[in-house]
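Peer 1: Let me see the structure of the following:
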Amino acid sequence: MRRWRAERARRSFRRDHVPIISPPDHAPMITIRSSISRRLRPAAAAFLLALAAAAPASAQRALSAEERTARYMESIREQPPMLVAFLREMPKGADLHSHLSGAVYAESYLRWAAEDSLCVSRAALAIVRPPCTGEGVEPASRALADGALYGAMIDAMSMRNWNAARESGHDQFFDTFGRFGSAYHRTADMLAEAMTRAANGRVSYLELMLTPDGRAAAGLGASVGWSGDAARTREALLAAGLRDTVAMARRALDAVEARRDTLLGCRAPAPRPGCAVEVRWLYQVARGRAPAQVFAQIVMGFEMAAADPRVVGFNLVQPEDGLVSMRDYSLQMGMIGALRRLYPGVKVSLHAGELAPGLVPPEGLRSHIREAVMVAGASRIGHGVDVMHEEGAAELLREMAERGVMVEIALTSNDVILGVRGADHPLSAYRAAGVPVALATDDEGVSRSEMTMEYLKAARDQGLDYRALKTMARTSLEHAFVGGESLWTDRRRWTPAPACAGAGGLDSAACRALAARSPRARLQIDLERAFRTFETRWAARPR
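Peer 2: Numbers count the residues shown, from 1 in each chain. Model prediction:
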């Protein structure tokens, strides 16, 4: 009997006194499994945290700077203002999914409209071109003197104060572009704003979507037509002067970047912080046009990327659920797939799966990501929200993981446009399947966001810890379309190349040589140095 009682007591002790553990791949968390009620668990956790803080200094010194920084982030997870301050200073690598027109805040568009003597329509709450005549049409400068008009314009040109009872987030979001489109000609100012905000948010590299030729390639496509044969239609476009359009677009980029340098003082003795941000371009194709125009723009994107090192790929834009976008989706993926064989060195990132149940019929959710990956050969996918609705979703995720197809995760955009947030977002599914992911802003001006807020959403709404966020920052540069060798020989373990793994590490002569010959490695090495500085600083913060 005594032996039986002793054994029962021993089992009870095991059940009610589980040891405190800190998983190695996550910021340390205290897990308590006992008969303590839920009401008492916070007090017990606080007591145990106090015991941990009182541990000998020698035990704390054994932790790396990264581990201590991770612990600090966990200690402020439920204090959003503190978390924002921490995340604002965190190095973030690249923003690989940003539409330049949507990256600009409405306040800037209104200011430029006033400077350029444009007009505003009170009825449409839009910037319009002169003359400023007609009912409710007046100089844009009036909006800068009329607080009510100014506020209404900002609300109409962004998601600020959006009211779901009046209009869907999807419609409000996409309608904003028509309201400020007349101010698009300030491309250099737009670029300077995007670069400045990136620098302030500790983003070091941008891939910005732009159509530098305007409608020229699309117009050429309308005149040439679409024969149904990709190679033959391409030859017809080139014969009709498409390469002249490429040369014109390159000159337009020259002018934009020169003006940008002047605005930011990039050649002055004390350049503004935005000058340090590296920029590359993705040629954007309007997927809602007729097949001949879409094909001409796709060829233009391939030709631009092949001719100009600043243009590193292309993407399709406009709502994926639109009439033409849905009707011609497979046709467009086939066009890209056929042309990729003629331009093997050009990378492609595609909006795919920016859809949700109810936005389109169920069958419309079944294949867009798969076709973008398997038919068009995309290296990256933008959004990918409907992935778990695809036929053979598990198989698709495995394929994406094996191919290293990265997903550009835009949490704020997916929330306001599709209503997909929190546990409904597939970010956790991508991570569990080993698919590389990185955060992106999409249209930070329209969404009234920026990269720090995307990191905050990832931490608060998706439960990501410091190491997960750091991995996403590294992933963003590893999957950027910038050229050159990588710092990393293993993307999963983040094992540095031999040049940076030996004595001296990132500061060795061999590692400096790698940075000198490879733009990609230079950006990655700079990111690692920034992490080293950041973690040294935050590891020293009092708990």
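Peer 1: residue contacts, Ala216?
Peer 2: 245, 248-249 (Cβ atoms under 8 Å, 6 or more residues apart in numbering). For every residue, glycine as well, the C-beta is placed using N, CA and C.
Peer 1: Same question for Ala473.
Peer 2: With Cβ under 8 Å, 6+ apart, Ala473 has these contacts: 90-93, 438, 527, 531.
Peer 1: Checking Arg492 next. Helix, strand or coil?
Peer 2: coil (DSSP: H, G, I helix; E, B strand; the rest coil).
Peer 1: so who does Val317 touch?
Peer 2: Neighbours of Val317 in contact, by Cβ under 8 Å, 6+ apart: 99, 209, 284-287, 351.
Peer 1: that older thread, please check the contacts of Ala473 and keep the buried ones.
Peer 2: Buried members of these, counted by 16 or more other Cβ atoms under 10 Å: 90-93, 438, 527, 531.
Peer 1: Out of those residues, which comes closest to Arg232?
Peer 2: Ala438 (38.1 Å; Cβ to Cβ).
Peer 1: part of a helix, is the closest one?
Peer 2: No: using three-state DSSP, the assignment for Ala438 is strand, not a helix.
Peer 1: OK, contacts around the residue nearest to it when sequence neighbours are not counted?
Peer 2: Once flanking residues are discounted, Ala438 sits nearest to Ser476: 3.8 Å by Cβ to Cβ, 6 or more residues apart in numbering. Applying Cβ under 8 Å, 6+ apart to Ser476 gives the contacts 92-96, 205, 438-439.
Peer 1: related to what we said a few turns ago, show the buried residues in the contacts of Ala216.
Peer 2: Counted by 16+ other Cβ under 10 Å, these give 245, 249 as buried.
Peer 1: From the contacts of Ala216, which land in helices?
Peer 2: In this view, those that belong to helices under DSSP state H are 245, 248-249.
Peer 1: okay if I get the residues you listed as TSV plus pLDDT and distance to Leu110?
Peer 2: As requested, those are arranged in TSV below (pLDDT from 0 to 100; distance: Cβ to Cβ, whole Å):
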residue	pLDDT	distance to Leu110
Thr245	98	32
Met248	98	30
Ala249	98	28
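Peer 1: Turn the residues you listed into a markdown table, including distance to Trp538.
Peer 2: Conversion of the ones in helices among the contacts of Ala216 to a markdown table gives the following (distance: Cβ to Cβ, whole Å):
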| residue | distance to Trp538 |
| --- | --- |
| Thr245 | 50 |
| Met248 | 49 |
| Ala249 | 44 |
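Peer 1: from these, which is closest to Leu237?
Peer 2: Thr245 (9.1 Å).
Peer 1: what's the helix or strand for the residue nearest to Ala438?
Peer 2: helix 466-478 (DSSP states H and E).
Peer 1: Now do that helix, average pLDDT.
Peer 2: With pLDDT averaged residue by residue, helix 466-478 scores 98.
Peer 1: Extract the CA atoms of it and return them as CSV.
Peer 2: These are the backbone C-alpha positions of helix 466-478, laid out as CSV (Å, rounded to 0.1, in the frame of the first residue of the first chain):
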residue,chain,number,x,y,z
TYR,A,466,12.1,38.1,-33.3
ARG,A,467,13.9,35.2,-35.1
ALA,A,468,11.0,34.7,-37.5
LEU,A,469,11.0,38.5,-38.3
LYS,A,470,14.8,38.4,-38.8
THR,A,471,14.5,35.4,-41.1
MET,A,472,11.9,37.3,-43.2
ALA,A,473,14.2,40.3,-43.5
ARG,A,474,17.1,38.0,-44.6
THR,A,475,14.7,36.2,-47.0
SER,A,476,13.7,39.5,-48.6
LEU,A,477,17.2,40.1,-49.8
GLU,A,478,18.0,36.5,-50.7
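Peer 1: And for Tyr329, the neighbour number?
Peer 2: By other Cβ atoms under 10 Å, the residues close to Tyr329 number 19.
Peer 1: so what's it up against?
Peer 2: Contacts here follow Cβ under 8 Å, 6+ apart; on that basis Tyr329 touches 320, 368, 371.
Peer 1: does the last one really touch Ser330, like I thought?
Peer 2: I take that to be Glu371. Yes: counting by Cβ atoms under 8 Å, Ser330 is a contact partner of Glu371 at 6.2 Å.
Peer 1: More neighbours: which of these two?
Peer 2: Glu371 (21 against 13).
Peer 1: All the strands of the protein, in order from the start?
Peer 2: All strands of the chain, identified by DSSP state E, fall at 93-99, 119-121, 126-128, 137-139, 203-210, 278-286, 311-317, 347-352, 380-383, 406-409, 437-439, 488-490, 495-496.
Peer 1: Please name the strands paired to the second one in the sheet, noting orientation.
Peer 2: In other words, strand 119-121. strand 126-128 (antiparallel), strand 137-139 (antiparallel) (DSSP bridges).
Peer 1: which stretches of the protein aren't confidently modelled?
Peer 2: Scanning the chain for pLDDT under 70 picks out 1-61, 543.
Peer 1: center of the chain, which residue is that?
Peer 2: Centroid check for the chain by Cα atoms, centre = their mean gives Ala440 as the closest residue, at 1.3 Å.
Peer 1: and the nearest residue to that residue once chain neighbours are set aside, how many residues sit next to it?
Peer 2: Excluding the flanking residues, the one nearest Ala440 by Cβ to Cβ, 6+ apart is His97, at 3.5 Å. Under the neighbour criterion other Cβ under 10 Å, His97 is assigned a count of 28.
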